[in-house]
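Participant: My questions are about this predicted structure, shown below with the sequence.
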Amino acid sequence: MSRGQAHTLEAFAAAVVLLASLTFALQVTAVTPLTASTSSQHIENQQAAVAGSLLGAAAANGTLKPSVLFWNSTGHRFYNATRKGAYPMGGPPTAFGRALNRTFVSRGFAVDVNVYYLDPGPELRRHRQRMVDFGQPSDHGTSATYTLTLYDDDVLYDQNGPTGTRINDSAFYAPDAFRASPAYNVIVVEVVVWRM
Amino acid sequence: MADVTRDDRGQLLLVGALSLAVLFVALALIMNTAIYTQNLATRGNDLRSDGAIEFQRAVHDGVAGSIRYVTYHNNSTVDYREPYLAYNRSFSDLGNGTAVQYAATGQATNLTNVSVTAGTRIEQDGERNFTSRNGTADWTLADGVTARNFTMVVYPDNASLANGSLGGIVGINPFQVRFTTGGSSYDVYVSRNAFAKQLYVKVGSHSPCTVPYETGSRVRIDLTDATINGTRCNPLVPIGNASGYDVSYANGDKIDGAYTLVVDETYDDVPDAPYANETTGKDPYKTRALYSATVGLTIEGPRTKYRSQITVRPGEDDS
């Protein structure tokens, strides 16, 4: 009778050892950036490409510069912006903002749009003006940028189109970094995208 | 096989289990290696050239804007020093500005001013017919030039436009822009159908491009960009690509409106007689401007170094 118990015990021990080694082996495999999840590398690459294309298309259609110049100089903010001068939870009420909403916000992506301008001084320095503010990006955010140049004869835009106010005559967020030349400032528009 | 005794069975069990464990660990290692290799192989982003192409585009747009500004604002009545100076200042500021902005992303940029081509801007600002200063209807604007940004704003309501029709007939003595080079020429006829409220732009023997208009509206014909009111007119495309021609108007009294073009001849080489003096404020006039610029650009990142030289001619075939 003890021989049967010994056999059973042996079988149990074998099964436990087998199971433990199997579990150990499976737990050792890695979760990589390409593992299917909401934050895989492929999704990040795709977001970056779409953001870059959105900026390129907006510039080609001539809607990016009017959005950068959509500034209410009396209120020191973008028109109808509420959060630190930026738009919370959506793009500006311009053609570029509508394209931004259709491409990203309506599909569950959060977007930050930052406008970097130059500040004159003993050295040129970069400063940021937020245009769209959804908060702090997650660790898996990607960004795309577009560089454009403003000139002394550019005018501010409002809901009705171009106004008669030249940017070097107004309280625009970017100062005239190049006073002695026709160039006004060099602006970089950055779109940061992440999944909410 | 020898009989396995009770004592041996325990050892066999242990050995068997250990070897199985080693086998599973080895399999996990192989699977990890496969995943790692696949991960490395599908990474494609490190050596992107997007930064370099984007920088070239930004420089192209910046230089085009500088040329445009100088062409329309820095028109000296004396010599070319003021436009050159303004452009050079704008260009060096563009170089400093882009260097600071791109340094924030870890890329070093540099711009060099290779050359600038002087030109002349010929313009009629006010609404007037397209005759010369003295009222001559057939006259040459400039000869042996290449034009950029040749835009005409036409007032189609004006009764002076010849009455044409869609069938290819341009009407009697319609207004004509001629681009003559050697033996060949491009003739652009502008006429209208007042009843149907349509403007016809006919190039040579191609069928005309038609544009509907409303009373009081204006039609913008961009000859070098080959668009009419923003819509492409294909027969105009070869004009933007041509170079070294004589530009002349025929029947300039059969059209009303404004126009502007920039040619690559200096102010003194463009004929004086048809133009009013620019300080008098009369139309048409010519003034000093810049035609094009060639710039060298370099951008260096952690893994790529890109160097190129581009020529910028704003307004010539979408540039």
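Facilitator: Nice, I can see it.
Participant: can you count the residues close to the residue of the stretch 51-200 of chain B at minimum distance from chain A?
Facilitator: For the stretch 51-200 of chain B, the residue closest to chain A is residue B:97, as judged by Cβ to the nearest Cβ, at 3.2 Å. Where you see a C-beta, it was placed from the backbone N, CA and C, and this is true even at glycine. By other Cβ atoms under 10 Å in any protein chain shown, the residues close to residue B:97 number 26.
Participant: Could you find the closest non-adjacent residue to it?
Facilitator: Ranked by Cβ to Cβ, 6 or more residues apart in numbering or on different chains and with sequence neighbours excluded, the top spatial neighbour of residue B:97 is residue A:186, at 3.2 Å.
Participant: related to what we said a few turns ago, please report how far the residue of the stretch 51-200 of chain B closest to chain A lies from residue A:167.
Facilitator: 15 Å (Cβ to Cβ, to the nearest Å).
Participant: distance between the ends of stretch B:209-227?
Facilitator: 10 Å (Cα to Cα, to the nearest Å).
Participant: if we look at that stretch, which residues are touching it?
Facilitator: B:147-157, B:166, B:177, B:188, B:190, B:192, B:197-202, B:228-237, B:239-240, B:257, B:261, B:315-318 (Cβ atoms under 8 Å, 6 or more residues apart in numbering or on different chains).
Participant: what about the strands in the stretch 101-250 of chain B?
Facilitator: Taking DSSP state E, counting those that start in this stretch as the criterion, the stretch 101-250 of chain B carries its strands at B:108-129, B:139-145, B:147-154, B:175-181, B:184-193, B:198-203, B:209-212, B:219-222, B:227-228, B:231-232, B:245-250.
Participant: Now do the third one against strand B:139-145, angle only.
Facilitator: I take that to be strand B:147-154. 160 degrees (axes from the mean of the first three to the mean of the last three Cα atoms, to 10 degrees).
Participant: Equivalent analysis for the fourth one, please.
Facilitator: Between the axes of strand B:175-181 and strand B:139-145, defined by the same axes, to 10 degrees, the angle is 30 degrees.
Participant: In its sheet, which strands sit next to strand B:175-181, and in what direction?
Facilitator: strand B:184-193 (antiparallel), strand B:245-250 (antiparallel) (DSSP bridges).
Participant: is it possible to export these to CSV including mean pLDDT and mean neighbour count?
Facilitator: What follows is the strands paired with strand B:175-181, written out as CSV (pLDDT from 0 to 100; neighbours: other Cβ atoms under 10 Å in any protein chain shown):
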stretch, mean pLDDT, mean neighbour count
strand B:184-193, 87, 20
strand B:245-250, 91, 19
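Participant: Report the mean confidence score over the longest strand along chain A.
Facilitator: In chain A, with assignment by DSSP state E, the single longest strand is strand A:183-195. With pLDDT averaged residue by residue, strand A:183-195 scores 93.
Participant: what helices or strands is that strand leaning on?
Facilitator: For strand A:183-195, the packing partners by 3 or more Cβ pairs under 8 Å, 6 or more residues apart in numbering or on different chains; DSSP states H and E come out as helix A:41-60, helix A:64-68, strand A:109-119, strand A:142-151, helix B:50-73, helix B:81-103.
Participant: Give the pairing partners of that strand; include direction for each.
Facilitator: Counting by DSSP bridges, strand A:183-195 is paired with strand A:109-119 (antiparallel), strand A:142-151 (antiparallel).
Participant: so how far is it off the chain centroid?
Facilitator: 10 Å (Cα atoms, centre = their mean, to the nearest Å).
Participant: How about stretch B:195-213?
Facilitator: Using Cα atoms, centre = their mean, the offset of stretch B:195-213 from its chain centre is 25 Å.
Participant: Please apply the same query to stretch A:168-178.
Facilitator: 25 Å.
Participant: and that stretch, is it in reach of chain B?
Facilitator: Yes. For stretch A:168-178, a contact with chain B is found by Cβ under 8 Å from any Cβ of the partner chain, at A:177-178.
Participant: Residues contacting that stretch, please?
Facilitator: A:69, A:71, A:73-74, A:76, A:85, A:115, A:117-120, A:124, A:129, A:150, A:152, A:156, A:167, A:183-187, B:89-90, B:93, B:97.
Participant: Can you pull out the low-pLDDT segments for chain B?
Facilitator: B:1-4, B:6, B:43-50, B:165-169, B:316-319 (pLDDT under 70).
Participant: Leaving out chain neighbours, which residue sits closest to residue B:66?
Facilitator: Nearest to residue B:66 is residue B:90, by Cβ to Cβ, 6+ apart, at 4.0 Å.
Participant: centroid residue for chain A?
Facilitator: Central residue of chain A (Cα atoms, centre = their mean): residue A:192, 0.9 Å from the mean position.
Participant: Specify the beta-bridge partners of that one.
Facilitator: Applying DSSP bridges, one finds that residue A:192 bridges with residue A:112, residue A:143.
Participant: what's near enough to touch it?
Facilitator: Residue A:192 neighbours (Cβ under 8 Å, 6+ apart): A:111-114, A:137, A:141-143.
Participant: Generate CSV for those, with neighbour count, distance to residue B:277 and pLDDT as supplementary columns.
Facilitator: As requested, these are exported to CSV (neighbours: other Cβ atoms under 10 Å in any protein chain shown; distance: Cβ to Cβ, whole Å; pLDDT from 0 to 100):
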residue, neighbour count, distance to residue B:277, pLDDT
A:111, 27, 55, 94
A:112, 20, 55, 93
A:113, 27, 49, 94
A:114, 18, 50, 94
A:137, 15, 60, 91
A:141, 19, 60, 88
A:142, 20, 58, 90
A:143, 18, 54, 90
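Participant: What is the least confident helix or strand in chain A?
Facilitator: Ranking every helix and strand in chain A by mean pLDDT, DSSP states H and E puts helix A:2-27 at the bottom, with a mean of 83.
Participant: which of the contacts of stretch B:209-227 count as buried?
Facilitator: When neighbours are counted using 16 or more other Cβ atoms under 10 Å in any protein chain shown, the contacts of stretch B:209-227 contain these buried positions: B:147-157, B:177, B:188, B:190, B:192, B:198-202, B:228, B:233, B:235-237, B:239-240, B:257, B:261, B:315-316.
Participant: What angle do helix A:41-60 and the longest strand of chain A make with each other?
Facilitator: Using the same axes, to 10 degrees: strand A:183-195 against helix A:41-60 is 150 degrees.
Participant: For residue B:5, list the residues it contacts.
Facilitator: So residue B:5 contacts nothing (Cβ under 8 Å, 6+ apart).
Participant: I'd like the distance between it and chain A.
Facilitator: 12 Å (Cβ to the nearest Cβ, to the nearest Å).
Participant: Now do that residue against residue A:40, distance only.
Facilitator: For residue B:5, the distance to residue A:40 equals 56 Å [Cβ to Cβ].
Participant: Count the residues that sit near residue B:274.
Facilitator: Residue B:274 has 20 nearby residues by other Cβ under 10 Å.
Participant: Okay, and it sits in which element?
Facilitator: Residue B:274 is part of no helix or strand when elements are defined by DSSP states H and E.
Participant: out of everything not next to it in sequence, what's closest to it?
Facilitator: That would be residue B:132: by Cβ to Cβ, 6+ apart, it lies 3.6 Å from residue B:274.
Participant: Okay then, goodbye and thanks.
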